[in-house]
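Asker: Only the shape, not the letters, is given here:
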């Protein structure tokens with residue numbers, strides 16, 4: 001039992017991850033931003049250029065901002081590795097969500113909060129409906145939060 005007592009946060013985090021994987025493509029419903037952003041990433045990969053824009057933006061000159069370029073750059077390996085699917089692009093968001101929970105716990109511990117309280121705080125953050133939504137949606141919010 002000393003192992004469970006010492007590592008309960010990471011055991012619950014593993015269970016949280018497995019449950020999230022089960023519902024990753026089912027909750028929430030696919031948002032139009034997800035297909036738009038992932039489609040743009042796929043187009044960047046196909047044309048091998050970050051200068052690609054959506055056809056409805058071709059009338060005006062665009063200068064993509066750094067967060068958008070970072071997001072598409074981060075999304076590319078997931079699409080290349082797992083294929084172009086909602087699971088692949090949402091898996092990246094889940095990955096950053098899990099990293100966010102681990103980082104949040106570490107920040108709380110560095111602020112001199114006990115490990116148990118910090119772990120509980122991170123798990124409460126992970127249980128937030130907004131956090132679950134952000135970490136299950138292939139959009140930039142969870143990457144920015146991380």
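Answerer: Received, thanks. Values in this document were obtained by computation on a predicted structure and should not be read as measured data. Numbers count the residues shown, from 1 in each chain.
Asker: how close does the residue nearest in space to the middle of the chain sit to residue 15?
Answerer: Centroid check for the chain by Cα atoms, centre = their mean gives residue 93 as the closest residue, at 1.6 Å. As judged by Cβ to Cβ, to the nearest Å, residue 93 and residue 15 stand 19 Å apart. The C-beta positions use only the backbone N, C-alpha and C, and glycine is treated the same way.
Asker: Setting aside sequence neighbours, what's the nearest residue to residue 141?
Answerer: Sequence neighbours aside, residue 134 is the residue nearest to residue 141 in space, at 4.5 Å (criterion: Cβ to Cβ, 6 or more residues apart in numbering).
Asker: and that neighbour, what does it touch?
Answerer: Applying Cβ atoms under 8 Å, 6 or more residues apart in numbering to residue 134 gives the contacts 93, 97, 141, 142, 145.
Asker: Apply 7 Å and report the result again.
Answerer: 97, 141, 142, 145 (Cβ atoms under 7 Å, 6 or more residues apart in numbering).
Asker: What backbone torsions are found at the last one?
Answerer: Listed backbone geometry of residue 145 is phi -60, psi -40, with angles given as degrees, to the nearest 10.
Asker: does it really touch residue 101, like I thought?
Answerer: No: the criterion here is Cβ atoms under 7 Å, and residue 145 misses it with residue 101 at 10.4 Å.
Asker: If you count surrounding residues, which of those two has more?
Answerer: In terms of neighbours (other Cβ atoms under 10 Å), residue 101 is the more surrounded of residue 145 and residue 101; the figures are 23 against 16.
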